[in-house]
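> this one's structure only:
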Ligand code: WT7
């Protein structure tokens with residue numbers, strides 16, 4: 001049975017318990033429908049009310065939505081606010097001594113930061129940035145380990161109106177350089193090393209390498225947070241400054257820069273269907289509002305929650321549901337530097353017990369790997385503090401969902417399967433846990449105010465059970481505003497002419513079931529989802545093609561039990577096609593090359609060599625056939641348009 005058939009047959013329904021429903025921020029389906037009806041009948045009134053309720057304004061807005069220059073929408077455009085003020089200052093009166101962050105380092109040591117302390121540390125670092133001449137609108141690249149300081153760096157940028165661009169610490173020097181260049185960053189903030197799973201990565205040395213590769217003249221200073229005792233090999237007195245020396249003696253208060261609602265808060269690069277990552281640019285107020293609405297409705301935030309999102313700040317999940325969402329709403333959250341499998345596969349469960357976590361948000365790939373490495377381990381821990389579970393990043397298979405529900409949630413915790421994207425900024429489709437009954441594998445229904453549709457090529461809605469393209473038919477506050485430096489690409493990628501520029505095209509295929517629940521089936525573009533990480537096939541192909549040995553490469557995805565998808569690369573070398581041990585040696589070299597060009601997360605799991613690739617007579621690589629070969633499937637489709645059908649036979653036997 002294919003996975004599509006199996007999810008279509010999924011009939012188990014899990015309504016919230018009476019207890020959960022009664023206490024929930026949105027209670028019962030009446031609660032959900034009331035909100036949806038308000039959004040349907042008065043869209044601007046709905047968002048305007050939320051904007052006033054959940055965001056603190058310096059200057060209140062008078063206009064809610066401006067669609068006159070679609071798809072460049074503006075929300076709350078004459079309002080003024082500051083996101084860092086909303087995350088820190090506004091809590092000082094009532095909860096200055098509340099713990100904002102429980103930080104657990106890789107080695108298990110724990111420290112706590114209150115809202116007051118966080119406020120002062122952010123202010124002081126903001127003053128540090130100012131002392132280096134950083135002003136509103138400047139770009140600051142953050143290439144840091146997942147520590148409290150990474151959050152402080154982001155908040156400090158927000159405080160002074162600098163646009164941060166966080167680059168995941170697992171990306172290589174090459175990927176870092178590309179992002180620094182595109183953003184024309186003035187400052188890079190890094191650490192001497194990051195530590196994950198007991199292993200150190202020399203982030204400072206990688207930053208030096210990125211800057212050394214060239215064309216990063218915009219960078220004036222590199223700020224280095226001292227995470228470990230190791231001294232960087234190279235230090236430039238003129239261009240490098242230690243974080244602790246920068247802030248020494250600086251005042252620990254800093255008036256926030258009052259920002260227009262539409263001023264950019266950050267740019268975060270993500271993969272698309274071309275070789276060049278896209279700088280997703282988010283606004284200040286609209287983005288922030290999206291995080292607050294979802295903290296309240298989807299995560300059902302309560303004052304005494306201990307909330308834990310296991311993502312890294314290098315991804316959008318870490319932006320919205322670590323750096324901004326929980327702080328904005330005044331939550332106590334766990335921030336974890338390490339990996340789920342170190343020192344063993346019980347780490348998450350031990351931490352839930354230790355910190356009495358109530359709300360736990362992680363990725364299906366982590367759940368699957370922890371089932372495999374120790375499905376019985378959770379039983380050794382007391383997980384009774386949990387009341388709500390969440391997943392994000394990829395579809396969750398019903399088996400993993402049931403395990404999560406029973407073994408982790410003790411059958412009592414609703415699971416919010418949250419569908420969204422870097423571009424949407426906050427949750428779009430997810431069950432409101434005190435209202436919507438969940439089904440294993442479905443992200444269920446859109447949030448009130450989010451107008452989704454599943455449409456065919458002509459833009460017409462599809463019937464239940466039929467696959468189509470997931471679109472959002474109305475602009476919403478946390479939607480991406482543009483692609484940094486590339487407004488034309490923004491328009492053609494997300495508001496394509498095929499739908500008259502009217503719909504936001506998510507790039508996912510999906511279908512409805514008979515209850516109107518949404519099931520995400522996967523990407524419709526050349527984007528892979530490997531362990532919840534988004535990778536462009538073209539990006540990996542261009543990295544491979546840049547290797548002097550390689551003539552041509554094509555990359556496809558293949559289903560994988562734990563990662564969701566794995567990366568398979570078909571490579572044509574400039575020289576002879578290598579076989580056996582020689583082939584394995586070249587494959588190893590190319591894997592290392594990709595790790596160096598992009599990062600380990602993009603390394604092909606499998607490399608196959610051919611004399612050529614299957615192409616149409618017009619020279620287009622037929623990736624569909626490569627996908628069949630990668631999966632070991634029979635090729636049943638018409639191959640008469642193929643220039644060189646014999647190559648299929650060779651590639652079929654090309655596994656090393
Ligand atoms: C793509 C977006 C959203 C933060 C993490 C990833 C896939 C995401 C789900 C889900 C099925 C999901 C989609 C989407 N995806 N969440 N709950 N169920 N698929 O952000 O890197 O921008 O990737 O991740 O394919 O388009 P991202």
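Perfect, thanks for sending it. Being a predicted model, the structure only gives us computed values, none of them experimental.
> residue contacts, the nearest residue to residue 411 once chain neighbours are set aside?
Nearest in space to residue 411, with sequence neighbours left out and distances taken as C-beta to C-beta, 6 or more residues apart in numbering, is residue 405 at 6.5 Å. In this view, the C-beta of every residue, glycine as well, is placed from N, C-alpha and C. Neighbour list for residue 405: 14, 389, 411, 413, 415, 440 [criterion: C-beta atoms under 8 Å, 6 or more residues apart in numbering].
> right, and the fifth one touches residue 391 too?
Meaning residue 415. Yes. Taking C-beta atoms under 8 Å as the definition, residue 415 is a contact partner of residue 391 at 6.6 Å.
> shared neighbours of those two, anything?
Common neighbours of residue 415 and residue 391 (C-beta under 8 Å, 6+ apart) are 401, 404.
> For whatever residue of the stretch 201-350 of the chain ends up closest to the ligand, give me its contacts.
As assessed by C-beta to the nearest ligand atom, the ligand sits closest to residue 317 within the stretch 201-350 of the chain, at 4.6 Å. Counting by C-beta under 8 Å, 6+ apart, residue 317 touches 309, 311, 361, 392, 393.
> is it fair to say residue 400 lies in a helix?
Yes. With DSSP: H, G, I helix; E, B strand; the rest coil as the criterion, residue 400 is assigned to a helix.
> Neighbours of it, how many?
By the criterion of other C-beta atoms under 10 Å, residue 400 has 21 neighbours.
> pLDDT score for it?
pLDDT recorded at residue 400 is 96.
> cool, the one 5 residues further on as well?
Note on residue 405: pLDDT of 98.
> how about the residues of the stretch 301-450 of the chain near the ligand?
316-317, 392-395, 417-422, 443 (C-beta under 6 Å from any ligand atom).
> so who does the residue nearest to residue 177 when sequence neighbours are not counted touch?
Distances taken as C-beta to C-beta, 6+ apart place residue 210 nearest to residue 177, at 4.0 Å, with adjacent residues excluded. Contacts for residue 210 (C-beta under 8 Å, 6+ apart) come out as 173, 174, 176, 177, 180, 216.
> go again using 7 Å as the cut-off
Neighbour list for residue 210: 173, 176, 177, 180, 216 [criterion: C-beta atoms under 7 Å, 6 or more residues apart in numbering].
> Next, count neighbours for the last one.
Going back to what we said before, that points to residue 216. With other C-beta under 10 Å as criterion, residue 216 counts 18.
> That one reaches residue 178, doesn't it?
No. When contacts are counted by C-beta atoms under 7 Å, residue 216 is not listed as touching residue 178 (10.1 Å).
> quick one on the thing from earlier: from the contacts of residue 210, which has minimum pLDDT?
pLDDT across the contacts of residue 210 is at its lowest for residue 216, which sits at 91.
> what bridges to residue 391?
residue 362, residue 417 (DSSP bridges).
> For it, report the pLDDT, please.
At residue 391, pLDDT is 98.
> State the distance from it to residue 316.
15 Å (C-beta to C-beta, to the nearest Å).
> where exactly do the strands run in the stretch 501-650 of the chain?
For the stretch 501-650 of the chain, the strands defined by DSSP state E, counting those that start in this stretch cover 504-512, 518-523, 527-530, 533-536, 550-560, 564-573, 606-609.
> Any idea which of those strands gets closest to residue 619?
strand 550-560 (10.9 Å; C-beta to C-beta).
> Now do that closest one against strand 564-573, angle only.
Strand 550-560 and strand 564-573 are oriented at 160 degrees to each other (axes from the mean of the first three to the mean of the last three C-alpha atoms, to 10 degrees).
> close to the ligand, is strand 550-560?
No. Judged by C-beta under 6 Å from any ligand atom, strand 550-560 stays clear of the ligand, getting no closer than 11.7 Å.
> Quickly run through the sheet partners of that strand, with directions.
Here strand 550-560 is paired, per DSSP bridges, with strand 564-573 (antiparallel).
> Tell me which residues of the strand it pairs with come out buried.
Under the neighbour-count criterion of 16 or more other C-beta atoms under 10 Å, strand 564-573 has 564, 565, 566, 567, 568, 569, 570, 571, 572, 573 buried.
> Repeat that for stretch 67-75.
71, 72, 73, 74, 75.
> How far away from the center of its chain is that stretch?
On the basis of C-alpha atoms, centre = their mean, to the nearest Å, stretch 67-75 sits 25 Å off its chain's mean C-alpha point.
> what's the burial count for residue 475?
Quick note: residue 475 (other C-beta under 10 Å) scores 21 neighbours.
> Equivalent analysis for the one 4 residues further on, please.
Per other C-beta under 10 Å, the neighbour tally for residue 479 reads 24.
> coming back round to it: and the residue nearest to residue 177, what element?
If you go by DSSP states H and E, residue 210 is part of helix 203-213.
> Give the buried residues for that helix.
So, applying 16+ other C-beta under 10 Å, buried residues of helix 203-213: 203, 204, 205, 206, 207, 208, 209, 210, 211.
> starting at the chain centroid, how far to it?
In terms of C-alpha atoms, centre = their mean, the gap separating the centre of helix 203-213 from the centre of its chain is 24 Å.
> right, and the helix or strand after that helix?
strand 221-225.
> So what touches that next one?
Applying C-beta under 7 Å, 6+ apart, the contact partners of strand 221-225 are 132, 144, 149, 187-192, 204, 207, 239-243, 246.
> Can you tell me which of those residues end up in helices?
149, 204, 207, 243, 246 (DSSP state H).
> wait, the second one sits on residue 192?
Pointing back at residue 204 there. Yes. Counting by C-beta under 7 Å, residue 192 is a contact partner of residue 204 at 4.9 Å.
> Touching both of these two, which residues are there?
Residues touching both residue 204 and residue 192 by C-beta under 7 Å, 6+ apart: 224, 232.
> hang on, the earlier thing: tell me the two of the buried residues of helix 203-213 that are most distant?
Pairwise distances across the buried residues of helix 203-213 (C-beta to C-beta) peak at 12.6 Å, for the pair 203 and 211.
> Would you map the strands across the stretch 101-250 of the chain?
Going by DSSP E, counting those that start in this stretch, the stretch 101-250 of the chain shows strands at 110-114, 139-143, 163-166, 187-191, 194-196, 199-201, 221-225, 240-242.
> In contact with the residue in the stretch 51-200 of the chain positioned nearest to the ligand, which residues are there?
Taking C-beta to the nearest ligand atom, the ligand has its nearest neighbour within the stretch 51-200 of the chain at residue 168, 10.6 Å off. Contact partners of residue 168, counting by C-beta under 7 Å, 6+ apart, are 312, 314, 315.
> helix/strand/coil for the closest residue to residue 79 other than its chain neighbours?
Leaving aside its chain neighbours, residue 79 sits nearest to residue 61 (3.1 Å; criterion: C-beta to C-beta, 6+ apart). Following three-state DSSP, residue 61 is assigned to coil.
> Read off the pLDDT value for residue 100.
99.
> Look at it and give its secondary structure.
strand.
> Okay, and which of the residues of the stretch 301-450 of the chain next to the ligand map to helices?
316, 317.
> got TSV for the residues of the stretch 301-450 of the chain next to the ligand, with distance to residue 344 too?
Shown next, in TSV, are those (distance: C-beta to C-beta, whole Å):
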residue	distance to residue 344
316	29
317	24
392	24
393	23
394	25
395	28
417	27
418	28
419	31
420	31
421	33
422	32
443	31
